[in-house]
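> here's a sequence, model it:
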Amino acid sequence: MHHHETNREGLETIRKLIKGIDTAMLTTVTDEGVVSRPMKTQDVEFDGDIWFLTKKDTSKYHELLHNAKVNVAYADKSYVSISGTAEIVQSREKVKEFWNPVYEKMLETSWDDPNIVLIKIKAETAEYWESGSLIKQAKFLFEKLTGKETESKLNDTVRL
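Prediction:
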């Protein structure tokens, strides 16, 4: 793994790449292996933590109680894979802060339902692949083809 960027630069790069992507794939560990499911990312500025709403009566909730290691994958114009540790947060105030009327229908309940909890993921490492910038891709390929030391980064791993 190459770790080129500083923590602050890396955080800023990840923030830009995942901004505006509503849905992420959350991967948890089960006794049988790993399982991924789409989750709605909370609309907050990425600061190293990722937040999701869920219910206690779901398999992901129980999986996280047994193994807090997770991966969150974002795919849009670029791809970002974030590994980290999940924590269950049972704060009514925090749930209310993130609550959106869409959840009323999606989760068939209200923000004050004690079955609703938050999953807070502390990002530890993130790997990204930029594909949205054709200019950056062309520069990268040109540098590779001409044998030059490439300064363009389409892929990097960041320790957060």
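> need the longest strand for the protein.
Once the chain is assigned using DSSP state E, the strand that runs over the most residues is strand 116-130.
> which helices and strands does it pack with?
Secondary-structure packing of strand 116-130 (3 or more CB pairs under 8 Å, 6 or more residues apart in numbering; DSSP states H and E): helix 7-18, strand 49-55, helix 59-66, strand 69-75, strand 78-89, helix 92-98, strand 155-159. Glycine gets a C-beta too; all of them are placed from N, C-alpha and C.
> just the buried residues of that strand, please?
Across strand 116-130, burial judged by 16 or more other CB atoms under 10 Å covers 116-121, 123, 125-128, 130.
> before we move on, what about stretch 22-36?
Within stretch 22-36, the residues that qualify as buried are 24, 26-29, counting by 16+ other CB under 10 Å.
> what's the answer for stretch 71-81, then?
71-72, 74, 78-81.
> lowest-confidence helix or strand of the chain?
Least confident helix or strand, the chain: helix 134-145 with a mean of 56, by mean pLDDT, DSSP states H and E.
> show me what contacts residue 55?
61, 107, 109, 115-117 (CB atoms under 8 Å, 6 or more residues apart in numbering).
> out of those residues, who's nearest residue 94?
Comparing those against residue 94 with CB to CB places residue 117 closest, at 9.5 Å.
> please name the bridge partners of residue 49.
residue 122 (DSSP bridges).
> beta-bridge partners for the spatially most central residue of the chain, please?
The centre of the chain sits closest to residue 72, judged by CA atoms, centre = their mean, with a distance of 4.1 Å. Beta-bridge pairing for residue 72 (DSSP bridges): residue 26, residue 82.
> and it, how far is that from residue 115?
23 Å (CB to CB, to the nearest Å).
> and if you look at residue 66?
Per CB to CB, residue 66 is found 19 Å from residue 115.
> pLDDT below threshold where in the protein?
Along the chain, segments meeting pLDDT under 70 span 1-6, 132-154.
> three-state assignment of residue 42?
Using DSSP: H, G, I helix; E, B strand; the rest coil, the structure places residue 42 in coil.
> which ones are touching the nearest residue to it once chain neighbours are set aside?
Among residues not flanking residue 42 along the chain, residue 51 sits closest, at 4.0 Å (CB to CB, 6 or more residues apart in numbering). With contacts defined as CB under 8 Å, 6+ apart, the neighbours of residue 51 are 41-42, 44, 98, 118-121.
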